[in-house]
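**Student:** what's the 3D shape of this:
(one chain, ligands or ions: 2)
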Amino acid sequence: MTENLPDGVRHLPDYFDRTAQQSLLNDIRRVVQSAPLYVPVMPRTGKPMHVRMSNCGSLGWVTDKDGGYRYQATHPKSGQNWPPIPQTLLDLWETVSGVKHPPEACLINFYDDSAKMGMHQDSDEKDFSAPVISVSLGDDCLFRVGGTQRGGKTTSIRLRSGDVIILGGASRLCYHGVDRIYPATSMLLKDGGRINLTLRRVSKIQPASTAP
Ligand code: MD3
Ligand code: FE
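**Tutor:** Ligands and ions are numbered 1, 2, ... in the order given. Reported below is the predicted structural model:
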């Protein structure tokens, strides 16, 4: 089946084989041992999100009641710097991003069987020229992507363990969300659930100088 995705969205099914998924999962387990998953809350309302989160990289995406959505160098609970991004993910970025600069942030989202993520835009970064690159591990999910305006036409695709999607160019500011998890569709995580990793550039990339 060929998918009709918005311009700029690329889906690379099964980019990571089972062995590579297991190895990447081990990397992420080490990350969350030093930077534990926690439940982020929405700005103003303090309503908890459905997913648990952590980060690796020089900057991590965080949200809380008073500070709102932002990037910061430290884990909100421990105050420690985020651990480094695993080499496999840096290699992925170098291979598929088309951007010379390395990613600064890798957000880790953990979904249990009933978790979902409402439609939203990713706009907390200062540079939208680099794509967002997403890796799925564990149970399948139903992912939905629309246009750059809320409420337009949307397309749904099933993402499976090992899949990569690249959200670049015209799609970088598209609305997107996760409607549902399909429990027990992967054996990768022994207690089920889904992990999504998103690699991002946060700060402005200075354009190459054209001076002689
Ligand atoms: C489409 N995560 O962390 S990843 C998020 O599966 C987020 O956990 C979802 O949305 C997840 O912000 C989806 C795929 C994704 C990420 C960024 C995008 C799709 C995107 C940016 C623009 C358009
Ligand atoms: Fe997002």
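**Student:** need the residues of the chain near ligand 1, please.
**Tutor:** Residues of the chain found near ligand 1 (CB under 6 Å from any ligand atom) are 107, 109, 117, 122, 132, 134, 145, 165, 167, 171-172, 174, 176, 178, 196, 198. Glycine gets a C-beta too; all of them are placed from N, C-alpha and C.
**Student:** Tell me the one of those residues nearest residue 57?
**Tutor:** residue 107 (8.7 Å; CB to CB).
**Student:** Wait, a helix at the closest one?
**Tutor:** No. Applying DSSP: H, G, I helix; E, B strand; the rest coil, one finds residue 107 to be strand, outside a helix.
**Student:** and it, what are its bridge partners?
**Tutor:** Beta-bridge partners of residue 107, counted by DSSP bridges, are residue 55, residue 198.
**Student:** Burial check on it, number of neighbours?
**Tutor:** Neighbour count for residue 107, taken as other CB atoms under 10 Å: 23.
**Student:** Same check on residue 208?
**Tutor:** 7.
**Student:** And it, how far from residue 129?
**Tutor:** Applying CB to CB, to the nearest Å, the value for residue 208 to residue 129 is 12 Å.
**Student:** swap in residue 32?
**Tutor:** Computed as CB to CB, the residue 32 to residue 129 distance reads 30 Å.
**Student:** ok, those two, which is more surrounded?
**Tutor:** Using other CB under 10 Å, the more surrounded residue of residue 32 and residue 129 is residue 32, with 19 against 14.
**Student:** Assess the claim that that one and residue 53 are in contact.
**Tutor:** No. Applying CB atoms under 8 Å, one finds residue 32 not in contact with residue 53, separated by 10.0 Å.
**Student:** mind listing the strands for the chain?
**Tutor:** For the chain, the strands defined by DSSP state E cover 9-12, 52-57, 60-62, 70-72, 105-111, 117-120, 132-138, 140-145, 155-159, 164-167, 176-182, 194-200.
**Student:** Between those strands, which one is closest to residue 18.
**Tutor:** Nearest of the strands of the chain to residue 18, taken as CB to CB: strand 132-138 at 10.9 Å.
**Student:** The closest one: how far from the chain's middle?
**Tutor:** Centre-to-centre, strand 132-138 and its host chain are 6 Å apart (CA atoms, centre = their mean, to the nearest Å).
**Student:** Find the nearest non-adjacent residue to the residue in the chain that ligand 1 sits nearest to, please.
**Tutor:** Distances between the chain and ligand 1 by CB to the nearest ligand atom are smallest at residue 196, namely 3.3 Å. Nearest in space to residue 196, with sequence neighbours left out and distances taken as CB to CB, 6 or more residues apart in numbering, is residue 109 at 4.5 Å.
**Student:** For that neighbour, give me its contacts.
**Tutor:** Shown in contact with residue 109 (CB atoms under 8 Å, 6 or more residues apart in numbering): 51, 52, 53, 117, 195, 196, 197, 198.
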